[in-house]
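Q: Return atomic coordinates for the entry below.
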Amino acid sequence: MTKKNQNPNDLPLVVDIDESLLKTDLLLESFWAALGRHPVLCLLAVLRLFRNRAALKARLATLAALDLSLMPRSPEVEKLMENAKGDVILASGSDMSLVAKMSELMGLKSAPLGSDVGVNLTGARKAEALVARYGVKGFIYVGDSVKDIPVWQAAAGGYCVGASPRMQRKLAAASVQVEPLGAPARPRDLLAALRPRQWMKNILLFLPLLASHRFDIAGMLLAFWGVTVFSAAASSIYIVNDLMDLEADRKHETKCQRPFAAGRASILSGMGASVLLGAGALGGAALHSWQLAAIMALYMVLSLSYSLGLKRLRWVDIAMLAALYTLRVVAGSVAVGVAMSGWLGAFVFPTFLALGAVKRLIELGRTRSEAALPGRGYARRDRADLRNISITAAVGALVVYTLYTYSAVAGGLYQNLLEIRLAGIPVALWLGRMIMLGWRGKMDYDPIVFALRDPVGLALIGVGGAMLVHAAS
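A: Numbering: from 1, shown residues only. Now for the predicted structure:
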């Protein structure tokens, strides 16, 4: 039945959930949460049920066990719902179990509509269900995508959340007139998800070049090529890591502001960017050599393994962090064609192990809860053990450095061996300072990035570097 002569403000307000009420998509949220909790079952569900979208949504919702209270909401849509004079209902293509929970969470009285195992409630099917309940032009609809066009055509009016210029053109082509609500996604938020400031870590690829006393332009360019492809690979994995950690990040004091956790960047755009960056990194490495491509592939596999579960294993995760940093140094030696000294590998691994322990110390120092960190296996009771690991690893690195100064390799590279032994003092002071600041929580969440910005630490490193250069000459 068609509603006539009725004030549009009194009509039921029908609200979509995905990218409308919520600034995220529950199907994609379910996929990533299920992948983190039950990776094998999740992938099997996708393979078996890919063509049955409604059944896939139901299965992933069961595996994911999402906490809907943590999901970022659109303040504009919430305000619209609060000011509505008629009934407010949720009608979404998400699985009915999630739609019902969201409706209850919002305190709505009218029965919601959602997908079940037999029906994927999107597009024309959603329009038919709403017309059956309210009649043609008997409701106002709040949506966000091209799939909602049939619903808007059956509605008396509506709102399009975050309409991009492209979306506005599609609406105009379909002769659909709706009010825009909220701002479209900003490219800079997706760029922030790539964590460009973390690219500074990849200057580690220059370390083999400097350790072998090569300062030629060709070597520098090759190292820069390695830095570029490693930065692309790292950003690809950062996105995957953030998507795997959505719930944990939303519970975190500061990580809740990350683009995907806060809903400022869409999960789908992140997945696309991750694939492109990963493929570009592998392709770029292959253009250099198959050896660099192999190291890049190993780095990405280890990083994905870390994201899929190893980061939740106490002690294993800091060893993995150290291995991934060490692999950057190995990649640098391959990129510039310099044989990596065993002494260098034996020094950098315990150094990064110490810094990995410091990273966890920082996080534990900033939490007041005695419970385990969200998405990690550490709690405040582990602080002393982490400090002891960092100290032991730092001492191990310094012992390796001292032994190196008595080696034939050092004798062939340096004229003044006493001076390179003394250069270990500023290195020891730097490591001690990093551990102390980490223990006191006076550093930001990544010690490598902090080290590249810390004036005192940089001065210590500069003094040690100057002593090495002078000893070589």
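
Q: what's Gly118 sitting at in phi/psi?
A: The phi/psi pair for Gly118 (degrees, to the nearest 10) reads phi -90, psi -30.

Q: Can you check the pLDDT for the nearest residue to it once chain neighbours are set aside?
A: In space, and not counting its chain neighbours, Gly118 is closest to Ala54: 6.5 Å by Cβ to Cβ, 6 or more residues apart in numbering. C-betas here are computed from N, CA, C, even on glycine. Per-residue pLDDT puts Ala54 at 89.

Q: Ala54 - how many residues pack around it?
A: Ala54 has 21 neighbours, counted by other Cβ atoms under 10 Å.

Q: next one: Asn416
A: Neighbour tally, Asn416, other Cβ under 10 Å: 14.

Q: Hmm, Gly365 and Arg440 touching each other?
A: Yes. Using Cβ atoms under 8 Å, Arg440 is in contact with Gly365, at 6.9 Å.

Q: Settle it for me: which of the two has more neighbours?
A: Using other Cβ under 10 Å, the more surrounded residue of Arg440 and Gly365 is Gly365, with 17 against 11.

Q: okay but that one is in contact with Gly438, surely?
A: Yes. Using Cβ under 8 Å, Gly365 is in contact with Gly438, at 7.4 Å.

Q: Tell me where the stretch 301-450 of the chain has helices.
A: All helices of the stretch 301-450 of the chain, identified by DSSP state H, counting those that start in this stretch, fall at 316-336, 342-365, 383-404, 408-413, 417-422, 424-440, 447-451.

Q: how about the longest one: buried residues?
A: Using 16 or more other Cβ atoms under 10 Å as the burial criterion, the residues of helix 342-365 that qualify are 343-344, 346-365.

Q: Output the contacting helices and strands for that helix.
A: Helix 342-365 makes packing contacts with helix 207-211, helix 316-336, helix 383-404, helix 424-440, helix 447-451 when contacts are defined by 3 or more Cβ pairs under 8 Å, 6 or more residues apart in numbering; DSSP states H and E.

Q: any idea how far it is from the chain center?
A: 22 Å (Cα atoms, centre = their mean, to the nearest Å).

Q: same check, this time on the third one
A: Centre-to-centre, helix 383-404 and its host chain are 30 Å apart (Cα atoms, centre = their mean).

Q: tell me which residues of that helix are tucked away?
A: Quick answer for helix 383-404 (16+ other Cβ under 10 Å): 383, 386-387, 389-391, 393-394, 396-398, 400-401, 404.

Q: Give me the angle between it and helix 316-336.
A: Here the directions of helix 383-404 and helix 316-336 differ by 30 degrees (axes from the mean of the first three to the mean of the last three Cα atoms, to 10 degrees).

Q: do the same with the longest one
A: Taking the same axes, to 10 degrees, one finds that helix 342-365 is oriented at 140 degrees with respect to helix 316-336.

Q: got the CA coordinates for stretch 363-372 in CSV?
A: C-alpha atoms of stretch 363-372 as CSV (Å, rounded to 0.1, in the frame of the first residue of the first chain):
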residue,chain,number,x,y,z
GLU,A,363,53.1,-0.8,26.2
LEU,A,364,53.0,-2.5,29.6
GLY,A,365,54.3,0.7,31.3
ARG,A,366,51.4,2.7,29.9
THR,A,367,48.6,0.3,30.9
ARG,A,368,47.0,0.3,34.4
SER,A,369,45.3,-3.0,34.0
GLU,A,370,46.8,-6.2,35.3
ALA,A,371,45.1,-8.2,32.4
ALA,A,372,47.0,-9.2,29.3
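
Q: Mean pLDDT lowest where, among the helices of the stretch 301-450 of the chain?
A: Across the helices of the stretch 301-450 of the chain, helix 447-451 gives the lowest mean pLDDT, at a mean of 80.

Q: just how off-centre is that one within its chain?
A: 19 Å.

Q: One more: stretch 372-392?
A: 22 Å.

Q: Could you point out the helix or strand that follows the longest strand belonging to the chain?
A: Counting by DSSP state E, the longest strand found in the chain is strand 88-95. As assigned by DSSP states H and E, the chain's next helix or strand after strand 88-95 is helix 96-105.

Q: And the next helix or strand past that following helix?
A: strand 113-115.

Q: about what we covered before: mind checking the SS state of the residue nearest to Gly118?
A: Put simply, Ala54 is helix when judged by DSSP: H, G, I helix; E, B strand; the rest coil.

Q: Run a quick check on it versus Arg125, I expect a contact.
A: No. Contact criterion Cβ under 8 Å: Ala54 and Arg125 do not qualify, at 9.8 Å.

Q: what touches both of the two?
A: Between them, Ala54 and Arg125 share these contacting residues under Cβ atoms under 8 Å, 6 or more residues apart in numbering: Val119.

Q: Identify the residues contacting Gly158.
A: Taking Cβ under 8 Å, 6+ apart as the test, what Gly158 contacts is Ile140, Tyr141, Val142, Gly143, Val151, Trp152, Val178, Glu179.

Q: does Thr24 sit in a helix, a strand or a coil?
A: Relying on three-state DSSP, one would call Thr24 coil.

Q: Just give me the neighbour total for it.
A: Thr24: 22 neighbours (other Cβ under 10 Å).

Q: one step back: would you mind giving the helices and strands packed on helix 342-365 as JSON lines with distance to Gln415 added?
A: Converted to JSON lines, those look like this (distance: least, Cβ to Cβ, whole Å):
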{"stretch": "helix 207-211", "distance to Gln415": "16"}
{"stretch": "helix 316-336", "distance to Gln415": "24"}
{"stretch": "helix 383-404", "distance to Gln415": "16"}
{"stretch": "helix 424-440", "distance to Gln415": "17"}
{"stretch": "helix 447-451", "distance to Gln415": "29"}
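
Q: for the ones you listed, which one sits closest to Pro165?
A: Of all the helices and strands packed on helix 342-365, it is helix 447-451 that lies closest to Pro165, at 35.9 Å by Cβ to Cβ.
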